[in-house]
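> sharing a model that was predicted from the sequence below.
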Amino acid sequence: MIPLNIRIGFFLALRALRRASLWTTSLIVFVMVLTFLNLVVISGILVGLLQGAVDAVRTEYTSDVIISSLSDKNYIENSPSIIAIVQSLPGVAGMTARYSEMAELEANYQTRRASDKPDIANAQIIGIDPLEENAVTGIANDIVEGEFLEPGDYDKIVLGNYLLAQYIPIATPGLATLENVGIGSKIRIRVGDVTREVTVKGILKSKVDEIALRAFMVDAQFRSMIGRNDGNVDEISVKIAKDADPKSVRDALVLRGVAQNAKVQTFEDAQPQAFKDIINTFNMLGSMFSSIGLVVASITIFIVIFVNALTRRKFIGILKGIGINGRAVEISYVFQSIFYAVIGSALGLVLVYVLLVPYFAAHPINFPFSDGILVAPLGQTFFRVGLLIAATVIAGYIPAWMIIRRNTLDSILGRN
Amino acid sequence: MIETHNLIKTFKSGDVQTPVLKGIDFKARDGEWVAIMGRSGAGKSTFLYQMSLLDDPTDGKIIIDGHDTHTMSADEKMHFRLVKFGFVFQDYALLPELTALENVALPLLMRGHAKKEVYRVSAQAMKQAGLEHRLDNLPSQLSGGEQQRVSIVRAVAHKPKILFADEPTANLDNESARRIMSIFTELHKAGQTIIMVTHEEEYAKLAERIIHLDDGKIV
């Protein structure tokens, strides 16, 4: 059985809300919606700004699990057996192995005069199986000019956008780029002692440095250029099935001894510590902004309820005068506050999950280093809804309590 | 029965003390209708508020049905007002967001009665007051006389021991005022104890007994 004061409080709140001015109610609900958005969206965008970068690195480079060479080795030893282990693991949906070597790229060697400065950029050239690479990372979708590599391509190269001057809007000191290079341009690459002239087949545009600052060739040719005929590679990105857990795949690989010859990391492990620190800082900043929003919402509700209770002081006095328990009146204000918070949050939830999250997923915010999305995990959002309701309840209760505790007769007669 | 002994009420504002009631001894037996008269500022309403436990006296005793109210807590007084008293205020004091029926029902609901029964009893009481066509109207949709009748129905629906009325006709036209007084007369005939403050001789004469207050004392 619901206690009497709660029943009467609900009775009074329901009538007060039902017969309140539509404009006033709408305005309060509007403020609550804005507060909710402030709580969820500001921090969501801040985190999403980095999450966009994290997602992009995962999609285009590391995939779910990345196996790379140990810090004191030039490549992954025993790569063929590691690849065999990866392929035998349940939950693995695909993998791509990459050869990697530092190279010098030169563009104007055909046209420059003796007095001209050579047009040189240093970059890592990555040897890939185009089909496997694209199946795992989908980087062919990043092609903005020309075409992606095909398995039979020979003396063809695809360049990341940061290697080309026309894709760098502002001169960046320390970043050497190639001038006047486009599709069909011939460039000379020098890997160790081997020099070859290759044709630019495509240009990849990405905000992931591991794509934008690299050049790609077909592995069959690149392997012979670097003299790696033992099948040992530098990186293996592993894509796992949707229902599989990257950590379990990592652990399974470690369990099978892969860690003896290579570094095995999930996409999260592979994030640089500085990146994780920035995410934590942004999370903290988001929480700070949210806290300010929460205080603003609490003060708004406090003022609304205080003004409401103050203007209704006479009627509160009458209620007490005719024997209605003050506690029931306080509860009625708490219910009203809950109503505003719940309706505001519900509308906010609809706005966030029906409108904003899909919108930002489809149209990410174009930050220089990432495509910012709106990150709003359900659990966190509902926690914030809970916080908002709790803050609102307190903010609604205090002014009601302040007015209700005043002398009954003074309230009825409007005396101070 | 309600009685007061040496009832004193003094208002304080800073260092200034204003004595309003200066030791009133009063007794009203069950079923009696007492009209309290006096010029403005004589302390009529203050006296009513003390007796009805809406305010605390500075000194003296109020005894209702043998209960010394001086020893009661605020919650006990509130419960006492809910169960034993009915109130009719000069400005009707209806709650604006409740319908006429809900205004009448509220004190009964607070007493813990079943909702269905409360609404049945309230509607019946409204019907007896000739307000059956106004059940779902808000106070703002009623005339002054109708509002005061709703206020009386609210005050007596739970069959209170004492009905306190503070100038119940002050804001009404003559016809409405006479109608209100006829309701009071009917209630009194039915055995209702009524303590009524009024400054209108014509209506005071309807009461069984008239007391005059002057300068905080019964004269």
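It's in.
> please make it C-alpha for all contacts and neighbour counts, starting now.
OK.
> can you name the residue of chain B nearest to chain A?
B:Leu82 (4.0 Å; CA to the nearest CA).
> name the element that residue belongs to?
Taking DSSP states H and E as the criterion, the element that holds B:Leu82 is helix B:74-84.
> elements contacting the next helix or strand after that helix?
Downstream of helix B:74-84, the next assigned helix or strand under DSSP H and E is strand B:85-88. With contacts defined as 3 or more CA pairs under 8 Å, 6 or more residues apart in numbering or on different chains; DSSP states H and E, strand B:85-88 has these neighbours: helix B:144-156, strand B:162-166.
> helix or strand right after strand B:85-88?
Next element after strand B:85-88 (DSSP H and E): helix B:100-110.
> does chain A have contacts with that next one?
Yes - using CA under 8 Å from any CA of the partner chain, helix B:100-110 reaches chain A at B:Pro107, B:Leu109, B:Met110.
> with just CA atoms, put that helix into CSV.
C-alpha atoms of helix B:100-110 as CSV (Å, rounded to 0.1, in the frame of the first residue of the first chain):
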residue,chain,number,x,y,z
ALA,B,100,-15.0,21.8,-7.0
LEU,B,101,-15.5,18.1,-6.4
GLU,B,102,-11.7,17.6,-5.9
ASN,B,103,-11.6,20.5,-3.4
VAL,B,104,-14.3,18.8,-1.4
ALA,B,105,-12.7,15.4,-1.7
LEU,B,106,-9.2,16.4,-0.7
PRO,B,107,-9.6,16.4,3.1
LEU,B,108,-11.5,13.2,3.0
LEU,B,109,-8.7,11.6,0.9
MET,B,110,-6.2,12.9,3.4
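> list the buried residues in that helix.
B:Ala100, B:Leu101, B:Glu102, B:Asn103, B:Val104, B:Ala105, B:Leu106, B:Pro107, B:Leu108, B:Leu109, B:Met110 (16 or more other CA atoms under 10 Å in any protein chain shown).
> could you report the pLDDT at whichever residue of chain A sits closest to chain B?
Nearest to chain B in chain A, going by CA to the nearest CA, is A:Gly323, at a distance of 4.0 Å. pLDDT for A:Gly323: 91.
> for it, helix, strand, or coil?
Under DSSP: H, G, I helix; E, B strand; the rest coil, A:Gly323 falls in the coil class.
> how many residues are close by it?
Residues contacting A:Gly323 under the criterion other CA atoms under 10 Å in any protein chain shown number 26.
> give the contact list for the nearest residue to it once chain neighbours are set aside.
In space, and not counting its chain neighbours, A:Gly323 is closest to B:Leu82: 4.0 Å by CA to CA, 6 or more residues apart in numbering or on different chains. Taking CA atoms under 8 Å, 6 or more residues apart in numbering or on different chains as the criterion, B:Leu82 is in contact with A:Ile322, A:Gly323, A:Ile324, B:Pro107, B:Arg111.
> rewinding a little: export the buried residues of helix B:100-110 as TSV, with columns for distance to A:Leu175.
Output for those, formatted as TSV (distance: CA to CA, whole Å):
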residue	distance to A:Leu175
B:Ala100	81
B:Leu101	81
B:Glu102	78
B:Asn103	79
B:Val104	83
B:Ala105	81
B:Leu106	79
B:Pro107	81
B:Leu108	83
B:Leu109	79
B:Met110	79
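> and which of those residues is nearest A:Leu387?
B:Met110 (32.0 Å; CA to CA).
> the closest one is in contact with A:Ile6, isn't it?
No - counting by CA atoms under 8 Å, B:Met110 sits too far from A:Ile6 to count as a contact (10.4 Å).
> coming back round to it: next one, pLDDT for the residue of chain B closest to chain A please.
For B:Leu82, pLDDT reads 92.
> next one: A:Lys263
Here, the pLDDT recorded for A:Lys263 equals 95.
> and what of A:Pro169?
A:Pro169 is assigned a predicted lDDT (pLDDT) of 68.
> now do the most centrally placed residue in chain B against B:Leu101, distance only.
Chain B has B:Phe164 as the residue nearest its centroid, 2.1 Å off, counting by CA atoms, centre = their mean. As judged by CA to CA, to the nearest Å, B:Phe164 and B:Leu101 stand 21 Å apart.
> and for A:Ile189?
In terms of CA to CA, A:Ile189 sits 92 Å off from B:Leu101.
> buried ones in the lengthiest helix in chain A?
Counting by DSSP state H, the longest helix found in chain A is helix A:273-311. Neighbour counts using 16+ other CA under 10 Å place A:279, A:282-283, A:285-287, A:289-291, A:293-295, A:297-302, A:304-306, A:309-310 of helix A:273-311 among the buried residues.
> restrict the residues you listed to those near chain B?
Answer for these near chain B: none qualify (CA under 8 Å from any CA).
> could you list the paired strands of the longest strand seen in chain A along with their orientation?
In chain A, with assignment by DSSP state E, the single longest strand is strand A:92-106. Strand A:92-106 has these partner strands in its sheet, going by DSSP bridges: strand A:120-128 (antiparallel), strand A:186-191 (antiparallel), strand A:235-240 (antiparallel).
> what average pLDDT does it get?
Regarding strand A:92-106, the rounded mean pLDDT is 94.
> got the contact list for that strand?
A:86-87, A:118-129, A:132-133, A:135-136, A:178, A:187-192, A:219, A:222-223, A:226, A:233-241, A:249.
> one more time with 6 Å, if that's ok
With CA atoms under 6 Å, 6 or more residues apart in numbering or on different chains as the test, strand A:92-106 has contacts from A:119-128, A:132-133, A:187-191, A:233-241.
> wait, B:Ala24 sits on B:Glu3?
Residue B:24: Ile, not Ala. No - B:Ile24 sits out of contact with B:Glu3 when judged by CA atoms under 6 Å, with a separation of 9.7 Å.
> kindly export stretch A:206-226 (C-alpha atoms) in CSV.
This file holds the C-alpha atoms of stretch A:206-226, laid out as CSV (Å, rounded to 0.1, in the frame of the first residue of the first chain):
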residue,chain,number,x,y,z
SER,A,206,42.9,9.6,-44.5
LYS,A,207,43.2,11.2,-41.1
VAL,A,208,45.0,8.1,-39.9
ASP,A,209,48.8,8.8,-40.0
GLU,A,210,49.6,5.2,-40.8
ILE,A,211,47.7,5.7,-44.0
ALA,A,212,48.3,9.3,-44.8
LEU,A,213,52.1,9.3,-44.3
ARG,A,214,52.7,5.9,-46.0
ALA,A,215,53.0,4.7,-49.6
PHE,A,216,51.7,1.3,-50.7
MET,A,217,52.9,-1.3,-53.2
VAL,A,218,52.0,-4.8,-54.0
ASP,A,219,53.8,-7.2,-51.7
ALA,A,220,55.2,-9.5,-54.3
GLN,A,221,57.3,-6.8,-55.9
PHE,A,222,58.1,-5.0,-52.6
ARG,A,223,59.3,-8.3,-51.0
SER,A,224,61.9,-8.7,-53.7
MET,A,225,62.9,-5.1,-53.5
ILE,A,226,63.7,-5.4,-49.8
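> show me what counts as buried in the lengthiest helix in chain B.
Counting residues, the longest helix found in chain B (DSSP H) is helix B:174-189. Within helix B:174-189, the residues that count as buried by 16+ other CA under 10 Å are B:Ser176, B:Ala177, B:Arg178, B:Ile180, B:Met181, B:Ile183, B:Phe184, B:Thr185, B:Leu187, B:His188.
> look at the fifth one and report its pLDDT.
Okay, so that is B:Met181. pLDDT at B:Met181 comes out at 92.
> now swap in the third one and tell me
In this prediction, B:Arg178 carries a pLDDT score of 91.
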